[in-house]
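*Asks:* What follows is a predicted structure for the sequence shown.
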Amino acid sequence: MTPHGSSGPAGPGWKVAVPVLHRLLDEARQRMRSSRSGPTPDERGAALVEFVLLLPILLLITFGLIEYSSAYQSSSAASAAARTAARTASAEAMLTTFATDAATAAATSLRTLPATEPIEMWVYRANSQGLPESGGFASCAAHCIKYTWNSQTRVFNTGSPSGDGWPANTQNACNQANWDTVGVYVKLDHKFLTKLFVPSMTLTDYALFRLEPAPTQLCP
């Protein structure tokens with residue numbers, strides 16, 4: 001006999017527990033069958049909706065990385081071209097070819113870019129802020145030489161410069177108390193690949209080098 005008040009096999013507690021256990025076992029079997037047979041149509045539909053919603057975001061991130069990488073490459077090329085050209089010009093202080101040789105050096109650095117990206121470069125005498133004597137890059141005025149890019153030949157047009165010029169014999173590369181600094185400014189028009197964000201972007205950079213001592217025969 002079952003003790004008084006206990007819930008043995010014949011007690012009311014067991015009668016309640018048995019259906020619950022059966023229901024739990026049935027649910028477990030259904031889950032196992034579902035896991036073996038793959039996702040249900042509802043689950044597949046939910047996954048498809050999530051993919052469709054996330055796809056535009058993934059594409060934006062992917063193309064954004066591509067565009068940023070290409071713009072960074074062009075910006076690095078402009079920086080390298082400015083430094084190379086300024087170094088060349090500083091090493092040729094008071095030589096008449098200082099500016100044209102700087103333009104050749106810059107063009108060589110820019111050949112890794114599409115032919116239509118470079119726009120122009122300046123060779124100028126820098127003020128104390130490192131800018132042209134005009135105060136900025138709006139106009140190539142005093143002691144400034146400007147060359148435009150020829151996309152056909154992929155070089156700067158040194159035969160038709162603009163600006164007020166900077167005669168080599170006026171450069172201060174002999175008086176150690178007041179040395180001139182040469183600056184080179186490079187401007188690009190970077191074209192984006194996908195044009196999802198903007199079609200193009202203007203990229204600029206400039207570099208400064210103090211003139212190296214001029215050959216003795218050129219100094220007064």
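*Replies:* On my side now, so go ahead.
*Asks:* do you know how far the residue lying closest to T96 once chain neighbours are set aside is from E92?
*Replies:* Spatial nearest neighbour of T96, excluding adjacent residues (CB to CB, 6 or more residues apart in numbering): A168 at 4.9 Å. All C-beta atoms are positioned from the backbone trio N, CA, C, and that covers glycine. A168 is 8 Å from E92, where distance means CB to CB, to the nearest Å.
*Asks:* what pLDDT does the residue sitting nearest the centre point of the chain get?
*Replies:* With the centre of the chain defined as its mean C-alpha position, the nearest residue by CA atoms, centre = their mean is Y72, 2.1 Å away. Confidence at Y72, expressed as pLDDT, is 91.
*Asks:* and the host helix or strand of it, what other elements does it pack with?
*Replies:* Per DSSP states H and E: Y72 is located in helix 41-91. Here helix 41-91 touches helix 98-109, strand 118-125, strand 181-191, strand 200-210, going by 3 or more CB pairs under 8 Å, 6 or more residues apart in numbering; DSSP states H and E.
*Asks:* Show me the one of these that comes nearest A142.
*Replies:* With CB to CB as the measure, strand 118-125 is the member of the helices and strands packed on helix 41-91 nearest A142 (7.8 Å).
*Asks:* Between strand 181-191 and the closest one, find me the angle.
*Replies:* Between strand 118-125 and strand 181-191, the angle comes out at 170 degrees (axes from the mean of the first three to the mean of the last three CA atoms, to 10 degrees).
*Asks:* And the contacts of strand 118-125?
*Replies:* 81-82, 85, 89, 98-99, 102-103, 106-107, 110, 132-133, 137, 140, 142-149, 151, 156, 163, 166, 171, 180-189 (CB atoms under 8 Å, 6 or more residues apart in numbering).
*Asks:* So, low pLDDT: which residues of this protein?
*Replies:* Scanning the chain for pLDDT under 70 picks out 1-47.
*Asks:* Try it again at 50.
*Replies:* 1-11, 13-14, 16 (pLDDT under 50).
*Asks:* thinking again about what came up before, so A168 and E92 - more neighbours on which side?
*Replies:* E92 (23 against 17; other CB atoms under 10 Å).
*Asks:* which residues sit in contact with that one?
*Replies:* 98, 101-102.
*Asks:* Check G163 too.
*Replies:* Per CB under 8 Å, 6+ apart, neighbours of G163: 122, 124, 140-141, 144-146.
*Asks:* How about the contacts made by the closest residue to R125 other than its chain neighbours?
*Replies:* Nearest residue to R125, sequence neighbours excluded (CB to CB, 6+ apart): H143, at 3.8 Å. H143 makes contacts with 124-125, 132-133, 164-166, 170, as judged by CB under 8 Å, 6+ apart.
*Asks:* give me that answer again for 10 Å
*Replies:* Applying CB atoms under 10 Å, 6 or more residues apart in numbering to H143 gives the contacts 123-127, 132-134, 163-167, 170-171, 180, 182.
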